[in-house]
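> 3D model of this:
(chains A and B)
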Amino acid sequence: MNRISEAFNKKKKNILSIYFTAGYKGLNKSIEIIKNLEDSGVDIVELGMPFSDPVADGPIIQKSSETALSHGMSVKQLFEELKDLRKQVSIPVLLMGYLNPIIQYGVEEFCKRCSEVGIDGVIIPDLPLDVYERHYESIFENYRITNTLLVTPQTNDIRIKQIDKKSNGFIYVVSSNGTTGDNKAILHNDYFAHIKSLQLKTPTLIGFGIKDNKSFLNACEYANGAIIGSSFVKHIESSCSTKHIKSFVDEIVKS
Amino acid sequence: MYTVDDNGYYGKFGGAFIPEMMHKNIEFLKLKYLEIIEAPEFQVHFQSLLRDYVGRPSPLYFSQALSDLYGGKIYLKREDLNHTGSHKINNTIGQILLAKHLGKKRIIAETGAGQHGVATATVCARAGLECIVYMGATDVARQQPNVEKMKFLGAKVIPVTSGNKTLKDATNEAIRDWISNPESTHYIIGSVVGPHPYPDMVSKFQSVISEEIQKQLLEKTGKANPSKVIACVGGGSNAAGAFYHFMDEKEVELIAVEAAGKGVETGESAATTALGNLGVLHGAMTLLMQTEDGQIIEPYSISAGLDYPGIGPLHAHLFDSNRATFVNVTDEEALDAALQLTKIEGIIPALESSHALAALEKIEIGTDEVVVLNLSGRGDKDMETYLNYYKQKAQ
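Numbers count the residues shown, from 1 in each chain, chains lettered A, B, ... in the order given. Got it, this is the predicted structure:
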């Protein structure tokens, strides 16, 4: 069993997953930030691999990607930085990014390096299910890298069930039609209730537009937890110190 | 051999690499587009609009002056004489009928030089649909006449300030809009780029160009196929249209002309086949200008319609299989070719088309060869660029 499944076995509710863009706060900062997140009680970390043309992302994450790229972040650099990840961090860590940089790195080599440094899975928004099945599934499986697929309010039930069947970590439930950080996304309860009623085998995390305690707890009513990206990226603009990160997480999870 | 396969690929290029948020719209288009656009009623309506609204067939003009200069018999396919001044209207007329058929109320588009934006704003005005055009802020500044036209036609032009503020960035914003408004909105992509079925659909709407060339050549020369067809390629829509009926006609040489900008070695270029390699952008696997790390390189061309960092998957396949010859032309060569055509024929070409014209200098033309050059658009929008260039050159 991989770390992602273990995390969901251990804790069924109120899972908090945090996204940030690798390289946004400078090079060689990723492990430190992940460690701070773990120490603050975060359950899963999604580490963004910056891309020049992130079409599924809103302005905050797009800007963080531009900044990260200007600092010299690359897939190669990221793997260098993550060499000692598992000496310091025990929670699951996923890489989130777009397909093109992975293709240029080499998909097999990418999965191999993920496995070597202790990355548990990936989220690749522009890798749809059929392309994944046709070209990449066996490679990902060989290296035991979980591919997290997305469902949206536009995804019909038949497809949601196909995605459920193919998923082995968690399903990323996109809260509404929009890009990351989109504020209209927060309170789509009918849609969340519908997903819950499908009783999927795979745990679900709701993401896009989750930004505070209220939206986090609301999402947790309907899913195993939620993902926060843009508002965390915005929060660490000024600092990524232990204290500053802890104050953000405390504010989100307070009950 | 050069048509799209069942999965949306041309050889190894194409496909639909899209976020789940776009899946429903793209899947629906993929399942339905052929049925819709090949239906007899659709075709009757489309063809009548091409004739009575666009002004087709566009003339195939024999240029004695160009033939005297470069040899052979050189014909210009006058897409510049279409309503709105370029080939772009062929596709937007088709896609607006499709959007109506799909029950969409809102249209979005991306534009570089503004020709596609104007063509989209035009068909939206006619159809009574809301129109949003995304345009890089750099392009908004350098293509003012087209921006004013779009606004006058009732479109909302949204300047895009991310990246290099050009066509690539406008495309990103249009995709984001579609992700946020999947039900109400149809995205009229202006070139043969994007996820399947867009490259095939846009090629089919543009294929009226090569269909007419065949008929007109047969009338004028007694033979339907020319020796060479020349067209400029940014994303590649006018070239796809000009090549379409000739792709399987092996005796016809297809010549695609890319923008070299300040020169392919200068780092300021948009010549994708010279500088690019395989990658995924805007929903398709194709040839792209990119770094070793897979970040997209900002392209450069003086022509806003050509500075896209990739080419459509059909063109990537034509290049990869050596079916088409790709040449590249610098800003300066294109500007000189524009002045030349203006002086010898009284036709002011669009900067994009000027790249195709400049290629005449670079290829061998035999005495008996029949060459068709697709004059994709007219140069009104580029007057300021032309005038500035010649003012500076005179100093």
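
> residues from the stretch 151-255 of chain A in reach of chain B?
A:151-152, A:154-156, A:159, A:174, A:177-179, A:182 (Cβ under 8 Å from any Cβ of the partner chain). For glycine as for every other residue, the C-beta is placed from the backbone atoms N, C-alpha and C.

> Please, which helix or strand holds residue 77?
In the absence of a named chain, chain A is used. Secondary structure from DSSP states H and E places A:Gln77 in helix A:75-81.

> meant chain B actually
Assigned by DSSP H and E, B:Lys77 falls in strand B:73-78.

> got it, and A:Ile158?
Per DSSP H and E: A:Ile158 is located in helix A:157-166.

> average model confidence for that helix?
Mean pLDDT, computed over helix A:157-166, is 96.

> Restrict that helix to CA atoms and write it as CSV.
Taking Å, rounded to 0.1, in the frame of the first residue of the first chain, the C-alpha atoms of helix A:157-166 are listed here in CSV:
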residue,chain,number,x,y,z
ASP,A,157,-21.8,9.5,-14.0
ILE,A,158,-20.7,6.9,-16.5
ARG,A,159,-17.3,8.6,-16.8
ILE,A,160,-17.0,9.3,-13.1
LYS,A,161,-17.4,5.5,-12.6
GLN,A,162,-14.7,4.8,-15.2
ILE,A,163,-12.4,7.3,-13.4
ASP,A,164,-13.2,5.7,-10.1
LYS,A,165,-12.3,2.3,-11.5
LYS,A,166,-8.9,3.6,-12.8
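
> Tell me where the stretch 101-250 of chain A is predicted with low confidence.
Residues of the stretch 101-250 of chain A meeting the criterion pLDDT under 70: A:183-187.

> again, 50 this time
A:185 (pLDDT under 50).

> Give the full set of residues in contact with B:Val160.
Residues near B:Val160 by Cβ atoms under 8 Å, 6 or more residues apart in numbering or on different chains: B:134-137, B:169-170, B:172-173.

> now with 10 Å?
Residues in contact with B:Val160, defined by Cβ atoms under 10 Å, 6 or more residues apart in numbering or on different chains, are B:110, B:134-140, B:166-174, B:176.

> what about the nearest residue to A:Glu133 once chain neighbours are set aside, neighbour count?
Distance criterion Cβ to Cβ, 6 or more residues apart in numbering or on different chains; nearest residue to A:Glu133, sequence neighbours excluded, is A:Lys166 at 7.2 Å. Using other Cβ atoms under 10 Å in any protein chain shown, A:Lys166 has 15 other residues around it.

> so who does A:Lys166 touch?
Here A:Lys166 is in contact with A:129, A:132-133, A:137, A:147, A:149, A:202 (Cβ under 10 Å, 6+ apart).

> Recalculate using a threshold of 8 Å.
So A:Lys166 contacts A:129, A:132-133, A:137, A:147, A:149 (Cβ under 8 Å, 6+ apart).

> could you flag which of these are buried?
A:129, A:132, A:147, A:149 (16 or more other Cβ atoms under 10 Å in any protein chain shown).

> The residue lying closest to the second one once chain neighbours are set aside pairs with what?
In other words, A:Tyr132. Closest residue in space to A:Tyr132, ignoring its immediate chain neighbours: A:Asn147 at 6.1 Å, by Cβ to Cβ, 6+ apart. Beta bridges link A:Asn147 to A:Val122, judged by DSSP bridges.

> need the contacts of A:Lys166 in a markdown table with distance to A:Ile236, can you?
A markdown table is the format used below for those (distance: Cβ to Cβ, whole Å):
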| residue | distance to A:Ile236 |
| --- | --- |
| A:Leu129 | 32 |
| A:Tyr132 | 31 |
| A:Glu133 | 36 |
| A:Glu137 | 34 |
| A:Asn147 | 27 |
| A:Leu149 | 27 |
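
> could these go into a markdown table alongside secondary structure?
A markdown table is the format used below for the contacts of A:Lys166 (DSSP: H, G, I helix; E, B strand; the rest coil):
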| residue | secondary structure |
| --- | --- |
| A:Leu129 | helix |
| A:Tyr132 | helix |
| A:Glu133 | helix |
| A:Glu137 | helix |
| A:Asn147 | strand |
| A:Leu149 | coil |
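
> Tell me the one among the residues you listed nearest to A:Lys25.
A:Asn147 (27.2 Å; Cβ to Cβ).

> Spit out the contact partners of that closest one.
A:121-124, A:127, A:132, A:136-137, A:140, A:166-167, A:169.

> show me where the chain has strands.
Because you didn't say which chain, this covers chain A. Here chain A has its strands, by DSSP state E, at A:15-21, A:44-48, A:93-96, A:121-123, A:146-148, A:150-151, A:171-174, A:204-207, A:225-228.

> meant chain B, my bad for not saying
Listed in chain order, the strands of chain B (DSSP E) span B:9-10, B:13-14, B:60-63, B:73-78, B:106-111, B:130-136, B:156-160, B:185-188, B:228-232, B:253-261, B:277-281, B:284-288, B:324-330, B:370-375.
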